[in-house]
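Q: structural data only, the sequence is not supplied:
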Ligand SMILES: O=P(O)(O)OC[C@H]1O[C@@H](O)[C@H](O)[C@@H](O)[C@@H]1O
């Protein structure tokens, strides 16, 4: 009925791209931010301008990772190293955190203007999981996670939230490290072997594998099924409703 192996008693869901249609909103805000930065940098240095690739660059270096890790990892892939700064750096400062905060302003504007959509199949799945008596957590790198859960009403469907704010407070390493998923399992009182991880990001399924979770479900919204398997998924679906069709 839930498409999970026997012995799984808890489900740990990523948010952006798994429960809500916000991975593409993050992606668009990142592209706008990085392209403006790279263009400006090219003009200053005379280096050629190579835009951010919303496919490869996003999936490999940004998706699923905490905000500052995404900036650092992507710029590092272009041989660019900047000072870290601090999380409250203003958006016009040329630091890892400053650039991350530029992106956050754009993200929040898009969310305010266009709203947030939930994947219907995910909502149906979440309700079926609850009806079956399994424990439920959301594990997201995003510092905006709780706000998004609240505006969509999803907050009422889950018991535990480990997000970007909790991770920073408790010094948990972000995905692809397993720390945030392990923390959620601990808060639910289940062993990792009894928990299933649901992830659309390569860094996320990698975290599922690194934490030795009982089952890792890759959710493929962008045509990267092979890569999700390679990074640790046990099964890949295009929508969580597919799991409800399994006996
Ligand atoms: O900047 P935020 O909202 O804290 O989110 C951090 C990351 O959260 C992840 O869920 C997204 O996949 C990334 O694109 C995003 O960068």
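A: Received it, and whenever you're ready, just let me know what you need. Fair warning: this is a prediction, and the values are worked out from it, not measured in the lab.
Q: hey, let's count contacts and neighbours off CA atoms from now on
A: Noted.
Q: can the biggest helix by length in the chain be found next to the ligand?
A: Counting residues, the longest helix found in the chain (DSSP state H) is helix 23-45. Yes: Helix 23-45 lies within reach of the ligand by Cα under 6 Å from any ligand atom, at 23, 26, 27.
Q: the closest residue to residue 31 other than its chain neighbours: neighbouring residues, count only.
A: Of all residues not flanking residue 31 in the chain, residue 52 sits nearest, at 5.8 Å (Cα to Cα, 6 or more residues apart in numbering). Applying other Cα atoms under 10 Å, we find 19 residues neighbouring residue 52.
Q: residue contacts, residue 52?
A: 31, 34, 35, 58 (Cα atoms under 8 Å, 6 or more residues apart in numbering).
Q: can you check residue 57 too?
A: residue 74.
Q: hmm, the helix or strand where it lies touching the ligand?
A: Element membership for residue 57 (DSSP states H and E) is helix 56-57. No: using Cα under 6 Å from any ligand atom, helix 56-57 never reaches the ligand; the gap is at least 11.2 Å.
Q: any figure for the gap between the residue lying farthest from the centre of the chain and the ligand?
A: Computed with Cα atoms, centre = their mean, the residue of the chain farthest from its C-alpha average is residue 46, at 34.4 Å. According to Cα to the nearest ligand atom, to the nearest Å, residue 46 and the ligand sit 28 Å apart.
Q: per-residue confidence for that residue?
A: Looking at residue 46, its pLDDT is 95.
Q: what's the answer for residue 1, then?
A: Value for residue 1, per-residue pLDDT: 86.
Q: burial of it, as a residue count?
A: Around residue 1 there are 12 other residues, counting by other Cα under 10 Å.
Q: now do residue 51
A: 15.
Q: likewise for the one 4 residues further on?
A: Using other Cα under 10 Å, residue 55 has 12 neighbouring residues.
Q: what's the answer for residue 189, then?
A: When neighbours are counted by other Cα under 10 Å, residue 189 registers 11.
Q: read off the pLDDT value for it.
A: Looking at residue 189, its pLDDT reads 98.
Q: what separation do you get for it and the ligand?
A: Taking Cα to the nearest ligand atom, one finds residue 189 at 24 Å from the ligand.
Q: can you list the weak-confidence ranges in this structure?
A: Confidence mapping of the chain against pLDDT under 70 gives the ranges 246-247.
Q: in it, which spans are strands?
A: 10-13, 135-139, 160-162, 195-199, 215-219, 235-237 (DSSP state E).
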